[in-house]
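Trainee: give me the fold of what follows.
(one chain, ligands or ions: 1)
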Amino acid sequence: MQHAAITGWGKCLPPAVLTNQDLATFLPTDDEWITTRTGMKERRISHVPGIELAIVASERALACAGLRGEDIDLVIYGSCSNDEAVPNSASGVQQRIGATRAAAFDVNTACTSFMYGLSIGTSMIRSGVARNVLVIGVELISQYMDWDNRNVAVLFGDGAAAVVLTATDREEGVLAEKLQCYADSRQILRVRGMGTMYANLGVPFGQTRWDFDGQEIFRKAVQGMSEASIDVLQRSGFSIDDVALVVPHQANLRIIEAVAKRAGASMDKVFLTVQKYGNMSSATAPVALVEAVESGRVAPGALVLMPAFGGGLTLSSHLIRWGQRTTPLGTTAIDLPPCERTALEIVNGIRAQKVTGHEEAECFLTLGYAEQQARG
Ligand SMILES: CC(C)(COP(=O)(O)OP(=O)(O)OC[C@H]1O[C@@H](n2cnc3c(N)ncnc32)[C@H](O)[C@@H]1OP(=O)(O)O)[C@@H](O)C(=O)NCCC(=O)NCCS
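Mentor: The predicted structure is shown next:
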């Protein structure tokens, strides 16, 4: 049987850091509340479009795998905050990394988009449709955040990560997964103003307001991630003691602690990024996975459990066998263009735009180098 090993990994975090103190300059909140209720201290705010984050992460993952764009058969772009709907975002990455032979499509299951993409990419390799697949998780949540709503504005940040999946006979990559959706609760996490139906309801596109039942999402997230993890372990014949590291979606430290407890994992087995990046939606789990590998927390052949949860309400858990290599085959010099503004300045720009609604997004996003070249 063909398996889909993770042979390349890369991340891209925008450099501008938004602290809890920054948020308290325009919201009725404080560092103590955010830290004790969520575990978050900082998050990143992007000065470039989401696709630029995705391209840098993808080039790093390709270099890590020792592959070039033309080796890739399929690009999967997991996101719910695409820069544009048509053409799709995956084709934009495909063009810029030179994946001339590849197929490309976007996946949106909100925060679990990367994890669902990982399942699809693995299936494509198992069925012989593709040998090398690039799976991306990327979000530019800052652009559609409801910045004057303290219930949600403190929780999210921007970022991207990507992995390369490669066909192998060795039993590596995704060993088992559970995918599910609590569609009856889909209305408890809703972004008004993103999507065509809102124009008919008198909400101008981009004037986003979030419907967000935090406590109910919290309960469903704990239930979904822990039950999916227990299910995956039972079906694969492993126990939580066999798992070397849990790399969960990071929406709230208290959610992660509750999931770990229910799944029987001690917190020293859980890899955390929530304190420095917050919830980056679909980028969260892959960024954490990349950081876990980079910081030496993933040993050759280790079993990694990745529970995730998102709007929809989608949920998932993946049991992954890491390969023998934990270091990159190569590196790349690619990076984002410099950021001239603070995170707070970028956020205040977005807030001001929401009031006037006239400026175009490019007015406060720095275009990436390749986009500038494409425009001549
Ligand atoms: C949102 C969340 C952090 C709120 O934490 P909580 O402990 O449930 O807090 P509550 O909702 O009970 O609110 C407690 C109080 O804090 C207030 N509060 C909410 N956000 C606040 C903030 N940023 N700063 C200060 N106070 C805040 C509330 O208004 C409420 O005040 P009240 O008691 O006067 O009404 C938590 O429910 C959560 O993480 N939910 C999951 C959300 C999520 O991540 N969704 C994405 C899924 S991928």
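
Trainee: all strands for this protein, in order.
Mentor: Counting by DSSP state E, the segments of the chain that form strands are 3-12, 16-19, 42-45, 74-78, 103-107, 132-139, 159-168, 173-181, 189-192, 209-212, 245-246, 303-310, 314-321.

Trainee: what would those strands look like in TSV with mean neighbour count, mean pLDDT and distance to residue 353?
Mentor: No exception for glycine: its C-beta is placed from N, CA and C like everyone else's. Converted to TSV, the strands of the chain look like this (neighbours: other C-beta atoms under 10 Å; pLDDT from 0 to 100; distance: least, C-beta to C-beta, whole Å):
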stretch	mean neighbour count	mean pLDDT	distance to residue 353
strand 3-12	26	98	24
strand 16-19	20	98	17
strand 42-45	24	98	14
strand 74-78	30	98	25
strand 103-107	19	98	25
strand 132-139	31	98	19
strand 159-168	28	98	22
strand 173-181	20	98	33
strand 189-192	18	90	17
strand 209-212	16	88	15
strand 245-246	25	98	39
strand 303-310	27	98	26
strand 314-321	26	98	30
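
Trainee: mind putting the ones you listed into TSV with distance to the ligand?
Mentor: Shown next, in TSV, are the strands of the chain (distance: least, C-beta to the nearest ligand atom, whole Å):
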stretch	distance to the ligand
strand 3-12	19
strand 16-19	13
strand 42-45	12
strand 74-78	14
strand 103-107	16
strand 132-139	11
strand 159-168	14
strand 173-181	13
strand 189-192	6
strand 209-212	7
strand 245-246	17
strand 303-310	5
strand 314-321	9
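
Trainee: what packs against the helix with the most length in the chain?
Mentor: Secondary structure assigned by DSSP state H gives helix 214-236 as the longest helix of the chain. Contacts defined by 3 or more C-beta pairs under 8 Å, 6 or more residues apart in numbering; DSSP states H and E place helix 214-236 against strand 173-181, helix 253-263, strand 303-310, strand 314-321.

Trainee: and the last one, which strands flank it?
Mentor: Within its sheet, and counting by DSSP bridges, strand 314-321 is paired with strand 173-181 (antiparallel), strand 303-310 (antiparallel).

Trainee: returning to that earlier point: which one of the helices and strands packed on helix 214-236 lies nearest to residue 14?
Mentor: Residue 14 lies closest to strand 303-310 among those, at 20.8 Å (C-beta to C-beta).

Trainee: what's the local residue count around residue 188?
Mentor: Around residue 188 sit 17 other residues, with neighbours defined as other C-beta atoms under 10 Å.

Trainee: what's the closest non-adjacent residue to it?
Mentor: residue 213 (4.1 Å; C-beta to C-beta, 6 or more residues apart in numbering).
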